[in-house]
Structure formats: structure tokens, C-alpha cells
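A.B. asks: predicted model and sequence follow; I will ask about them next.
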Amino acid sequence: MKTAVFPAPARPTLDRILDTELLVYSTAGEPATLAGIIADESAGGAPVVVLWMRHCVCPLCTKHVKAMLKLQLEVDFKLVVVGGGTVQQAAEFANEVGLNKRDMWTDPLRKTFAAVGFAKNLAAPAKLFPLKNVLEKFVQVNAQEAGDPWEVFQLGGAAVVLEGNRIAYLHKDDYAGDFAKENEISKLCA
């Protein structure tokens, strides 16, 4: 797990880690820049928690997003979820977890993942599943025409962005299920 917590005077701005022109797509297929979405969400003063999911068919990601939605009931923050995969997969995922569709975005080419520095790790799923399960997931993802045949190995992460597009927290997953800790996010958003 690679986690950085940035103290107030040293918080980098979002544009230091994310190209402001990188597009993501809504569940209706509308393009928007991720930086613009985050800026709009943070304009009200509440922190924005951005979750980059491995992919829209990941059961671990489903569990994590549901946990973040539950945390959101206790702590005031905006949630923006970015997944890899198709627009249809993103819409289905939003429905499955009970996420407002305006908070669910997809990055089919995973350009925002690469910009932030999230890795693709061939051993990532192996820490949790026997090799047979990894290969079955690989086939399942490819069968869903996710775009990138290596998507099953994509890792994600999380960021907490405060007013002024200042990054207070950045977590990069080392393996599937290595998510940002809820208590760390809660402290920064309280």
C-alpha cells in the first residue's frame, strides 16, 4: 500500500497529479474532465473522495464502494467513483451498489489511472485468489468486452480533495482489496 497524507501547508493541487484535460464518461456516455467534476463537487466546501476502482465487475470494489456510501452517511463528503470498463458496465455497477449515477464515471482507457500512477500488477489478484480463479476472472472480464484485456490486473486507489483542489490524501492500491482505510478518510473529511 502506498499512502500519502499531505499536511495543510504542503498539499499539492490536483493538477500536479492529474492532467486537467483527461476525460471520463457518465453512465449516459457524456464526456467530462475528471478535474472539472472534482472542482464542481468541491465548490460547496465539502471534501471530495475520489475512488478509482479496478473494474466494474470487481466484487471487492463493490464491497468497498458500499462501505464508502455507508461512511458518507456519518461523515460529510462528496463521493466520485471512477471505474474502468464500458458506460453500460458503469451504469450497472451504480445500480448494483446504490450509487447516484451522477457520481459514477468510467474511464475505459484508464488514462486517469495512468496519470495518477496506479499500476497494473500481474500478481495483484493472486494475493487473494488461487491462480484458477485469476484466470477465470481474466476470461470473464475479456468476455464483457471491457476494452483492455489486462484490465483484471489494473489497480486503483483513492484521493481526498479539499477546497481549492488541494489533495490531502492519496492512496495507491498494491493489490486487489488493498483499499484506502475508511478511518483515514473519515479523519480528513470530519
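C.D. replies: Here it is on my side, so go on.

A.B. asks: quick check: next helix or strand after the helix or strand bottoming out on mean pLDDT in the chain?
C.D. replies: Lowest by mean pLDDT, DSSP states H and E among the helices and strands of the chain is helix 131-143, with a mean of 53. Using DSSP states H and E, the helix or strand that follows helix 131-143 towards the C-terminus is strand 157-162.

A.B. asks: contacts for that next one?
C.D. replies: 11, 14, 17, 38, 42, 47-52, 77, 116, 118, 167-173, 179-180, 185, 188-189 (Cβ atoms under 8 Å, 6 or more residues apart in numbering). C-beta here means a position set from N, CA and C on the backbone, and glycine is covered the same way.

A.B. asks: and what of stretch 88-101?
C.D. replies: For stretch 88-101, contacts defined as Cβ under 8 Å, 6+ apart pick out 25-28, 53, 55-57, 62, 65-66, 69, 79, 81, 83, 85, 103-106, 144, 146.

A.B. asks: could you pull up the mean pLDDT of that stretch?
C.D. replies: Stretch 88-101 shows a mean pLDDT of 95.

A.B. asks: try stretch 35-42
C.D. replies: 91.

A.B. asks: nearest the middle, which residue of the chain would you pick?
C.D. replies: Nearest residue to the geometric centre of the chain (Cα atoms, centre = their mean): residue 52, 1.2 Å.

A.B. asks: pull out the buried positions in stretch 99-118.
C.D. replies: Neighbour counts over stretch 99-118 (16 or more other Cβ atoms under 10 Å) mark 99, 103-108, 110-113, 116, 118 as buried.
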